[in-house]
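>>> sequence plus the predicted model coming up.
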Amino acid sequence: MTNTENTPRRSALVVGGTGISGSALTRELVAQGWQTTSLSRRQAVSQPGVETVRADLADTQAVQEALSGLDPTHVFFTAWSRRPTEAENITVNAAMVRNVLDTTGPSGNLQHVALVTGLKHYLGPFEAYGTEATRDTPFHEDEPRLETPNFYYAQEDELWQAAAEYGFAWSVHRSHTMIGHALGNAMNLGQTLAAQAALCRAEGAPFIFPGNEAQWNGVTDMTDSSLLARQMIWAATTPNLPSQAYNTANGDVFRWRWMWPRIAQLLGVEPEGYADRPRPLEDQMAGKDDLWRELVESEDLAEPELARVASWWHTDGDLNRPVECFTDMTRSRSAGFTDYADTLASFATLFETLRRERVIPA
């Protein structure tokens, strides 16, 4: 019989707990019995087993006040703030990491910090997305940084400096495009495609692939938000793991020319693939806000603001990269993390969740 009374309870602070990765992470932590606190700028939906606190992460005093009295053993940092330029991204997002770690680190009880970044580590920032030299696919964690300034690098630098000062272990999780559910999230491809399909169905229009030929024909992969959550917890709790970065992807690869008609079938629309030129969603979906509100009214949906459901700009960026994009998972698998997700099944699960929660029509 295991004696659990003398086992110290792990306490987690999830920074960005309302986002795609953060909300999946809080669910997983609660399921595993962690004492869990979610920190975010906006109001979080109440979740059993999760304490919620709010603060603007760029405001040092606000972060200190919000976290007063909390003494987490583990911090999971999943938040970021999009700004007009990469220089501003660097300033703001580095400060967010610094503010949280300078508040939680001095107690000496912080054991591990896990930071979510992404494949822009290998591709470059949004304003230079894949336009300069990129690393060869599949991407490997030990490749040197690009010369281009990148807020992911600034976040890593803050993490490493705080780890040296406060004595905690760390991990960085470089996810690809995530599949998961979070209203109001700035980067949500699966939810965006579901909204596109709902509008296409309402108009009797085809479900048009918005990307370029390189993405239509090239190899890619994706990251299920629940798989990312499990990898972060694994890295934070497995004894004797070195502090290092891990790529995080489902484990399968695909081409959009194969995936697109299958997503269309799941969403009940007629697919139309790449033909001659990209057809971005920002153009396809321009002026559709009123149609969406009509759908919300007629179908009794939950969110009347289309911009809180779909992020056209992000999906356009993802599906118009000039290079193929997929990752090598050898490092974490060799260390013992062998979890896997089927990407098509991840999409199917997301779409069912969106229907059940009345985000898209049944």
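That came in fine, so what should we check first? Numbering: from 1, shown residues only.
>>> now for Phe168: which residues touch it?
Gly105, Leu110, Gln111, His112, Val113, Ala162 (C-beta atoms under 8 Å, 6 or more residues apart in numbering). Using the backbone N, CA and C atoms, a C-beta is placed for each residue, glycine as well.
>>> also Pro125?
Taking C-beta under 8 Å, 6+ apart, we find Pro125 in contact with Glu86, Asn89, Thr148, Pro149, Asn150, Phe151.
>>> save the contacts of Phe168 as a markdown table, and put in pLDDT and distance to Asn188 too.
Output for the contacts of Phe168, formatted as a markdown table (pLDDT from 0 to 100; distance: C-beta to C-beta, whole Å):
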| residue | pLDDT | distance to Asn188 |
| --- | --- | --- |
| Gly105 | 97 | 31 |
| Leu110 | 97 | 30 |
| Gln111 | 97 | 31 |
| His112 | 98 | 27 |
| Val113 | 98 | 25 |
| Ala162 | 98 | 29 |
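>>> for the helix or strand encompassing Asn89, name the packing helices and strands.
If you go by DSSP states H and E, Asn89 is part of helix 86-104. Using 3 or more C-beta pairs under 8 Å, 6 or more residues apart in numbering; DSSP states H and E, the elements in contact with helix 86-104 are strand 11-15, helix 60-66, strand 74-77, helix 151-166.
>>> and whichever helix or strand comes after that helix, what does it pack against?
Heading C-terminal from helix 86-104, the first helix or strand you meet, by DSSP H and E, is strand 112-118. Under the contact criterion of 3+ C-beta pairs under 8 Å, 6+ apart, strand 112-118 touches strand 74-77, helix 151-166, strand 169-175, helix 225-237.
>>> what is the subsequent helix or strand relative to strand 112-118?
Next element after strand 112-118 (DSSP H and E): helix 120-123.
>>> gap between that next one and the chain center?
15 Å (C-alpha atoms, centre = their mean, to the nearest Å).
>>> which strands and helices lie in contact with that helix?
Using 3+ C-beta pairs under 8 Å, 6+ apart, helix 120-123 sits against helix 151-166.
>>> mind checking which of the helices and strands packed on helix 86-104 is nearest Glu51?
Between Glu51 and the helices and strands packed on helix 86-104, the tightest spacing by C-beta to C-beta is seen for strand 11-15, at 9.7 Å.
>>> beyond that closest one, next helix or strand please.
Following strand 11-15 toward the C-terminus (DSSP H and E): helix 20-31.
>>> counting contacts, what elements does the very next helix or strand once past that following helix pack onto?
Note on helix 20-31: by DSSP H and E, the next helix or strand toward the C-terminus is strand 35-40. Applying 3+ C-beta pairs under 8 Å, 6+ apart, one finds that strand 35-40 contacts strand 11-15, helix 20-31, strand 50-54.
>>> wait, which of the ones you listed is closest to Ser332?
Per C-beta to C-beta, nearest to Ser332 of these: helix 20-31, 16.1 Å.
>>> which of the residues in the closest one are buried?
Buried residues in helix 20-31, counting neighbours by 16 or more other C-beta atoms under 10 Å, are found at Ile20, Ser21, Gly22, Ser23, Ala24, Leu25, Thr26, Arg27, Glu28, Leu29, Val30.
>>> quick one: it to strand 112-118, angle?
150 degrees (axes from the mean of the first three to the mean of the last three C-alpha atoms, to 10 degrees).
>>> between helix 20-31 and helix 225-237, how many degrees?
If you take the same axes, to 10 degrees, helix 20-31 sits at 60 degrees to helix 225-237.
>>> so for the host helix or strand of Arg333, mean pLDDT?
In this assignment (DSSP H and E), Arg333 forms part of helix 330-335. Averaging pLDDT along helix 330-335 gives 97.
>>> what about the next helix or strand after that helix, distance to the chain center?
As assigned by DSSP H and E, the chain's next helix or strand after helix 330-335 is helix 343-356. Centroid separation for helix 343-356 versus its chain: 16 Å, with C-alpha atoms, centre = their mean.
>>> and helix 343-356, what's buried?
Quick answer for helix 343-356 (16+ other C-beta under 10 Å): Thr343, Leu344, Ser346, Phe347, Ala348, Thr349, Leu350, Phe351, Thr353, Leu354.
>>> you'd agree the fifth one is up against Ile263?
Okay, so that is Ala348. No. Between Ala348 and Ile263 there is no contact under C-beta atoms under 8 Å: 9.0 Å.
>>> max pairwise distance over the buried residues of helix 343-356: which two?
Taking C-beta to C-beta, no two of those sit farther apart than Thr343 and Leu354, at 16.6 Å.
>>> re earlier: of the contacts of Pro125, buried ones?
Burial by neighbour count, judged by 16+ other C-beta under 10 Å, picks out Glu86, Asn89, Thr148, Pro149, Asn150, Phe151 from these.
>>> what about Gln191, distance to Arg321?
For Gln191, the distance to Arg321 equals 20 Å [C-beta to C-beta, to the nearest Å].
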